[in-house]
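Participant: output the structure for:
(chains A and B)
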Amino acid sequence: DIQMTQSPSILSASVGDRVTITCRASQSISGWLAWYQQQPGKAPKLLIYKASNLERGVPSRFSGSGSGTEFTLTISSLQLDDFATYYCQHYSTFSYSFGQGTKLEI
Amino acid sequence: EVQLVESGGGLVQPGGSLRLSCVGSGVSFSTDSLTWVRQAPGKGLEWVSYISSSSTSMYYSDSVKGRFTISRDNAKNSLFLQMTSLRAEDTAVYYCARDILRAFDIWGQGTMVTVSS
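Facilitator: The predicted model follows:
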């Protein structure tokens, strides 16, 4: 099975900062890579699909990139609403997997 | 409004069974693939199971294979997860979600399953 490792586990930042979260795969993967934001007590929200495609309605300060084994989620200018936990998610043959999450805190 | 609503969670003893349901509205249910994802208290997200639009393909995580069964009734816009031989480690909030391009774009609010004696 392909393992997805996110880093960092915790990220401290301030409003207005530019931040990057990384998701590394244990082997080269296709572009079926998505990113989610989860607020406490809420269901996850899709941000990015197929590595770099912005989900409808998601602010343009969110962007995704990467290929092979390394993928990144970038938030260009943090807003208060962005402080949450972020997960990457990958699909490979007959199976899905999530990264362990990155908590973005003020 | 597009919506998924789960139900059926509750407290069950180890070794017991439970059936979760997810009803969709405002979505083209019969043409969508669907999935179950769970989250143990204070933990991350874990994918559980997937079913294609016409039920021809079903996948399971290794942790639930042989114990959980996913199914759907497109006429009733409903998705199900039959859970048997439940263990303490199955305790979690269970979410249903729509699968579009191998990502999950619409989620329910979740239903809590607690496995405890």
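Participant: please identify which helix or strand holds the spatially most central residue of chain A.
Facilitator: A centroid search over chain A (CA atoms, centre = their mean) returns residue A:35, at 3.7 Å, as the residue closest to the centre. Per DSSP states H and E: residue A:35 is located in strand A:33-38.
Participant: ok, back up a step: residues contacting the closest residue to the residue nearest to the centre of chain A other than its chain neighbours?
Facilitator: Closest residue to residue A:35 apart from its sequence neighbours, by CB to CB, 6 or more residues apart in numbering or on different chains: residue A:48 at 4.1 Å. C-beta coordinates here come from the backbone N, C-alpha and C atoms, glycine included. By CB atoms under 8 Å, 6 or more residues apart in numbering or on different chains, residue A:48 lies in contact with A:33, A:34, A:35, A:54, A:55, A:58, A:62, A:63, A:64, A:73.
Participant: who does residue A:48 form a beta bridge with?
Facilitator: Under DSSP bridges, the beta-bridge partners of residue A:48 are residue A:35, residue A:54.
Participant: about what we covered before: report the mean confidence score over the strand holding residue A:35.
Facilitator: Strand A:33-38 carries an average pLDDT of 97.
Participant: how far does it sit from the chain's center?
Facilitator: Distance, stretch centre to chain centre, for strand A:33-38: 5 Å (CA atoms, centre = their mean, to the nearest Å).
Participant: what of stretch B:85-101?
Facilitator: 5 Å.
Participant: next, the buried residues of that stretch.
Facilitator: Applying a neighbour-count criterion of 16 or more other CB atoms under 10 Å in any protein chain shown, one finds B:86, B:90, B:91, B:92, B:93, B:94, B:95, B:96, B:97, B:98, B:99 buried in stretch B:85-101.
Participant: any idea which of these is closest to chain A?
Facilitator: Of all the buried residues of stretch B:85-101, residue B:95 has the smallest distance to chain A: 5.8 Å, by CB to the nearest CB.
Participant: that closest one reaches residue B:36, doesn't it?
Facilitator: Yes. Counting by CB atoms under 8 Å, residue B:95 touches residue B:36, with 7.0 Å between them.
Participant: could you find the closest non-adjacent residue to residue 24?
Facilitator: Since you didn't name a chain, this refers to chain A. Excluding its sequence neighbours, the residue lying closest to residue A:24 (CB to CB, 6+ apart) is residue A:5, at 4.9 Å.
Participant: wait, chain B was what I had in mind.
Facilitator: Counting by CB to CB, 6+ apart, the residue nearest residue B:24 is residue B:77, at 4.6 Å.
Participant: for that neighbour, give me its contacts.
Facilitator: B:23, B:24, B:25, B:27, B:29.
Participant: pLDDT check: weakest of those residues?
Facilitator: Least confident entry in the contacts of residue B:77, by pLDDT: residue B:27, with 69.
Participant: shouldn't residue B:89 be within a strand?
Facilitator: No. Residue B:89 is assigned helix when assessed by DSSP: H, G, I helix; E, B strand; the rest coil, not a strand.
Participant: what about the most centrally placed residue in chain B, distance to residue A:15?
Facilitator: Centroid check for chain B by CA atoms, centre = their mean gives residue B:36 as the closest residue, at 3.3 Å. In this view, residue B:36 and residue A:15 are 36 Å apart by CB to CB, to the nearest Å.
Participant: and if you look at residue A:46?
Facilitator: Distance, residue A:46 to residue A:15, using CB to CB: 24 Å.
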